[in-house]
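> make a model of this:
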Amino acid sequence: MRTLLVALPGLVLAGIGLTHPHHLDAATAQWWQNMHIILAVIFPLLGAAQWVLLADSPKYVRYPARVAAFGFVVYYGALDALAGIGGGAMTIANNGRSDADAPIFKIGNQLGYVGSWSFFVASIVIAVCALLKRKLKAIPGAVFLLVGSYLFLDSHIYWPKGVIACTCIAIGMAAISYVSAPGRSAIEDST
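Sure thing, here's the model as predicted:
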């Protein structure tokens with residue numbers, strides 16, 4: 001069950017990413033705004049999945065990595081609130097984009113940059129800890145998680161790169177969860 005739960009946010013984000021408009025204008029503004037209201041719930045679940053996967057990491061890396069996961073939730077959430085919900089609302093109100101919304105997108109993108117790097121840092125810790133503990137069995141999950149997290153740095157969930165990123169994140173988290181599930185012993189993994 002844990003494996004499914006940590007994969008689900010990435011899969012949902014990939015699915016929503018298939019519908020994410022590439023440009024915000026009067027025609028896309030309503031969906032842009034509504035989609036980001038939905039995403040305001042889903043993105044924190046991605047950080048929660050990281051939190052769960054960090055549970056069996058050594059304390060000296062678990063706590064800083066959880067701070068990074070929390071940073072993702074806060075700063076990436078701010079991006080979606082400002083540029084997603086707020087930008088969509090302004091575009092609806094103005095019947096199109098205007099120069100007045102530029103500051104909202106600028107600060108939103110800056111906060112999103114901090115959030116996506118926070119996600120990447122937490123993902124690195126998850127991958128390294130899984131590799132150290134589960135050795136070869138953790139390689140596929142670590143590779144998918146790190147590739148997805150790297151792609152996510154500048155792709156948001158836009159098709160195609162963002163959808164690929166979120167799918168890789170989901171696969172990586174699921175694979176790492178599976179090989180490091182509670183109750184799996186190092187002896188089982190070595191046989």
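> from here on, just use CA atoms for contacts and neighbour counts.
Noted.
> mean confidence score for stretch 55-70?
With pLDDT averaged residue by residue, stretch 55-70 scores 96.
> same question, stretch 174-182
91.
> determine how far that stretch lies from the middle of the whole chain.
Its chain's C-alpha centre and that of stretch 174-182 lie 18 Å apart, by CA atoms, centre = their mean, to the nearest Å.
> ok, now stretch 88-102?
Centroid separation for stretch 88-102 versus its chain: 27 Å, with CA atoms, centre = their mean.
> mind listing what's buried along that stretch?
Along stretch 88-102, these residues count as buried under the neighbour rule (16 or more other CA atoms under 10 Å): 88, 89, 90, 91, 92, 97, 101.
> most widely separated two among those residues?
Of all pairs drawn from the buried residues of stretch 88-102, the one with the longest distance (CA to CA) is 92 and 101, at 11.6 Å.
> ok so, going back, sort the buried residues of stretch 88-102 by pLDDT and name the bottom one.
Where pLDDT dips furthest among those: residue 101, at 91.
> surely that one touches residue 87?
Yes: with contact defined as CA atoms under 8 Å, residue 101 reaches residue 87; the gap is 6.7 Å.
> quick one: low-confidence parts of the protein?
Across the chain, the ranges flagged by pLDDT under 70 are 182-191.
> so where do the helices sit in it?
When secondary structure is read from DSSP state H, the chain shows helices at 2-17, 29-53, 59-79, 87-93, 102-134, 139-152, 161-179, 186-190.
> among these, which is nearest residue 23?
Between residue 23 and the helices of the chain, the shortest gap by CA to CA is with helix 29-53, which sits at 9.1 Å.
> can you give me the buried ones in the closest one?
Quick answer for helix 29-53 (16+ other CA under 10 Å): 29-33, 35-37, 39-40, 42-51, 53.
> now for that helix, which elements pack on it?
Applying 3 or more CA pairs under 8 Å, 6 or more residues apart in numbering; DSSP states H and E, we find helix 29-53 packed against helix 2-17, helix 59-79, helix 87-93, helix 102-134, helix 161-179.
> can I get those in TSV with distance to residue 150?
Converted to TSV, the helices and strands packed on helix 29-53 look like this (distance: least, CA to CA, whole Å):
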stretch	distance to residue 150
helix 2-17	14
helix 59-79	14
helix 87-93	26
helix 102-134	7
helix 161-179	8
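> okay, these, which one's buried deepest?
Among the helices and strands packed on helix 29-53, ranked by average contacts under mean count of other CA atoms under 10 Å, first place goes to helix 161-179 (a mean of 26).
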